[in-house]
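**Student:** 3D model of this:
(one chain, ligands or ions: 1)
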Amino acid sequence: YSQLKVLDSNKGTTQTNQGVLTSKDAFEESFVRHVETTLARNMYNCDNLAAYQATSNTIRDALLIDWANTQQKQTIQDGKRVYYLSLEFLMGRAMDNALINLNSRDNTKSSLTELGFNLEDVLEQEPDAALGNGGLGRLAACFVDSLSSKNYSGWGYGLNYQYGIFKQKIVDGYQIETPDYWLKYSNPWEIMRNEIQIPVDFYGYVYEDHDPNTGKAKKIWAGGERVLAVAADFPIPGFNTDNTNNLRLWNAKPTNEFDFTKFNAGDYQQSVAAQQRAESITSVLYPNDNFESGKELRLKQQYFWVSASLHDIVRRFKKNHKNNWNKFADQIAIQLNDTHPTLAIVELQRIFVDLEGLEWDKAWEIVTKVFAYTNHTVMSEALEKWPVDLLGRLLPRHLEIIYDINFNFLSDVEKKFPGDRDLLGRVSVIEENHPKSVRMASLAIVGSHKVNGVAELHSELIKTTIFKDFVKVFGKDKFTNVTNGITPRRWLRQANPKLAALIAEKLNDPNYEYLTNLGSLKKLEQFVNDDEFLKRWDSIKFDNKVKLANLIKETTNIEVDPTVLFDVQVKRIHEYKRQQLNIFAVIYRYLRIKELLSQGVSVEEIKLKHYISKASIFGGKAAPGYYMAKTIIHLINKVGDVVNNDPEIGNLLKVVFVPDYNVSKAEIITPGSDLSNHISTAGTEASGTSNMKFALNGGLIIGTVDGANVEITREIGEENIFLFGNLAESVEELRHKHIFEGVHISETLAKVFSAIESGIFGNPDEYRALIDGIRYHGDYYLVSDDFDLFLQAHTKLEKVFGHHGGDANDTDHLHKWVKKSVLSVANMGFFSSDRCIDEYAEDIWNIEPLSQ
Ligand SMILES: [N-]=[N+]=N[C@]1([C@H](N)O)O[C@H](CO)[C@@H](O)[C@H](O)[C@H]1O
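**Tutor:** All right, here's what the predicted structure looks like:
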């Protein structure tokens, strides 16, 4: 290997590094160099892990060139940049995404083959960067991919958790959480920026002093505890462009590593206590989805992250613009991903007034121009409220500023709506309750120039429910909508290369340019009556189902037949997402099949006349403290134990729970679904984004009229989706009826409940709360109201899917189901996260793509 072509010195490193993307020789030379120098190993004991590390370092070298050039270009062009503040970035794996965006996958694949490695095996070595819980975190990841791919100047700011979302094991049907130590073999995609260390303070007290120059009074915050925020950068490559933005994640470090005095005093514990306390701030991600923890460490995480990010942003601005604060809002836009970063509003006001000496009103005018806030849920338990005592103790100066912001705001409201005390109480940032607390959503709205929801129905709902008083105070224009989207690079090209290739072929687009112009998928409609095309389309789906069946076998040891209907529901486990409705329907199906069999009806007759063969595939994590969600996971697994081991059933029905659902598993499950469930109680799922991923991969949807299902239906056509259930506008009424007239349990649902209570799925006491919650406690999520409608929707869709049993020439299946699959994909262009970013850029951030 050391005989490989020597470096061409006059071309210098730049050429060489970039050369690895297109030249096998250059790749192999760099690969060997990293094995021998970076990893200090040699090619004779280079296993897949070493091959992964050497390949990552090789690709990273090339990426860094684009990254450095991009930073330089953006600094020279000095255009407006957006900073996306998110406490979660659910990035998944980086390597394949980098190879695709740098258009270097084929070169890397063939180079590795020559070196004796298989790219797929090398890719498997990478742990997921699982720095998020679900949709909100993954949306942020798709957004930074689109910011780069659409040539915008945009950075993400977050936390570099040592432990991401917990790993999920299923033991005896129960979820068991284990720590996700993802940095076990360090992370080749991370560039530690030890030179960037920003001090962040907590606790302490505030006193007034006078500015020696101006004599003006000013507030001093002192006597607190200080930690350091150290930057770790992750280059974000764009697709088919050199534009490579940055994702900066902060690590917490102690101001001084070690307290020698205490050590010498033999108090070893205390000598490292400060270090441990500091580092604990960024050690672990809070595993709650749509639910606020209210823990002090979570608040410390939020302030640590926003303070470091804002000081970093202000430092960079001052480098180019000194104290020309009038330019600040023209140069910088900051998006708040939910209320988690809301303290950024208060911190920027503090920096301007306390540190830079601006007048309050001047500062506030800039602050409100800079910030915009995205709301992701109407669920009251997810709306953050921090007790005033806790906030005042941790951040005394910030509490003062919040009071001042609120005072000025309420004064304006009072002027507009004199005497309307109730309104004042409802919009006040301070909730006069026990405990007295700060309403973070209210503060985010008051401190932002734009507020958006994440799907049309949701954006309307927040204006008519949780934020209706703010619409009254600020007017409609402050409230807008940007419907979510997904990056087609990861969720089509990377997850489903065969389908992406067929599309590129049919669109005569060898460079896959349709991936950054997803509307061109529409052209696929012209092939919808081409049986050869439909057969190729369906065989790709079949191959993806085989891959999913292998994953299921590997992770659960359950055999599923890829010729049956793959009916999938994968997402965080939550009562509002109604996995309980799905498993109740599966139980009903099983009971009916058993009845028919006991009446002597043959399996074949059942398949033809009653129930087609299907595999019901579940996956998703429950927040560790969420009892009901864990009960649902347990029920799904226990039903699976019974059904899958029932000799009468065979492949007529299988029930599977895929453990440890994450981004990498989603990349296998999404292309392998025939049908996916998005069956939340109407008005509860703000948008959903897995619905878009399944539809873009040719899966059909069974869903409620909720979140983005509404716009997916508009785009692909009602005939290509299976909608059911009560509408959002009747939810309140139905809940009222449940309370005052009782819950009506239909005969079908009663059958299910008595089966569960009979103990066939294990000790019925385990499910008592789940059933009683529906039967006796108001059935808040309307399971009883939608159950039979759900069953009817299934009956309808099974007639469409047909009993085709994998026969590729079953034209009935091709003309009914596969045609809908093609039309679904053909009309999913709107749901590219590129369209989202263009809308944010135009309506909220007022930024333009960089000139190339
Ligand atoms: N938090 N939060 N909200 C969510 C998801 N759970 O992360 O944000 C997602 C991203 O906006 C939405 O798609 C989803 O409906 C909503 O529930």
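**Student:** pLDDT score for the residue nearest to the spatial centre of the chain?
**Tutor:** By Cα atoms, centre = their mean, the mean C-alpha position of the chain lies nearest to residue 138, the distance being 2.1 Å. If you check residue 138, the pLDDT there is 98.
**Student:** got the contact list for it?
**Tutor:** By Cβ atoms under 8 Å, 6 or more residues apart in numbering, the contact list for residue 138 reads 90, 132, 663, 689. In this view, the C-beta of every residue, glycine as well, is placed from N, C-alpha and C.
**Student:** helix/strand/coil for the first one?
**Tutor:** Right, residue 90. Using DSSP: H, G, I helix; E, B strand; the rest coil as the criterion, the local structure at residue 90 reads strand.
**Student:** hmm, back to that, report the entries of the contacts of residue 138 that also contact the ligand.
**Tutor:** With Cβ under 6 Å from any ligand atom as the criterion, the members of the contacts of residue 138 in contact with the ligand are residue 689.
**Student:** now the contacts of residue 138 in TSV, with secondary structure?
**Tutor:** Supplementary listing: the contacts of residue 138 in TSV, determined by three-state DSSP:
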residue	secondary structure
90	strand
132	coil
663	helix
689	coil
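**Student:** relative to the ligand, which of the contacts of residue 138 is nearest.
**Tutor:** Within those, the smallest distance to the ligand is 4.8 Å, found for residue 689 (Cβ to the nearest ligand atom).
**Student:** neighbours around the closest one, how many?
**Tutor:** Counted with other Cβ atoms under 10 Å, the neighbours of residue 689 add up to 24.
**Student:** how close does it sit to residue 696?
**Tutor:** When Cβ to Cβ, to the nearest Å is applied, the distance between residue 689 and residue 696 equals 11 Å.
**Student:** pick out the residue in this protein sitting closest to the ligand.
**Tutor:** Proximity of the chain to the ligand (Cβ to the nearest ligand atom) peaks at residue 135, 3.0 Å away.
**Student:** hmm, that residue is touching residue 693, no?
**Tutor:** No: taking contact to mean Cβ atoms under 8 Å, the distance of 10.6 Å between residue 135 and residue 693 leaves them out of contact.
**Student:** in the stretch 401-550 of the chain, where is pLDDT below threshold?
**Tutor:** In the predicted model, the stretch 401-550 of the chain carries no residue with pLDDT under 70.
**Student:** just the strands from it, written as ranges.
**Tutor:** Per DSSP state E, counting those that start in this stretch, the stretch 401-550 of the chain has strands spanning 430-431, 437-439, 450-453, 479-481. These are given in chain order.
**Student:** relative to residue 732, which of these is closest?
**Tutor:** Evaluated over the strands of the stretch 401-550 of the chain, closeness to residue 732 peaks at strand 450-453, with 18.9 Å, by Cβ to Cβ.
**Student:** let me know whether that closest one sits next to the ligand.
**Tutor:** No: figure legend: strand 450-453 not in contact with the ligand (Cβ under 6 Å from any ligand atom); closest approach 8.8 Å.
**Student:** what is the lengthiest helix in the chain packed up against?
**Tutor:** The helix spanning the most residues in the chain, taking DSSP state H as the definition, is helix 48-77. Counting contacts by 3 or more Cβ pairs under 8 Å, 6 or more residues apart in numbering; DSSP states H and E, the secondary-structure elements packed against helix 48-77 are helix 12-19, helix 24-33, helix 95-101, helix 105-115, helix 119-123, strand 225-237, strand 244-254.
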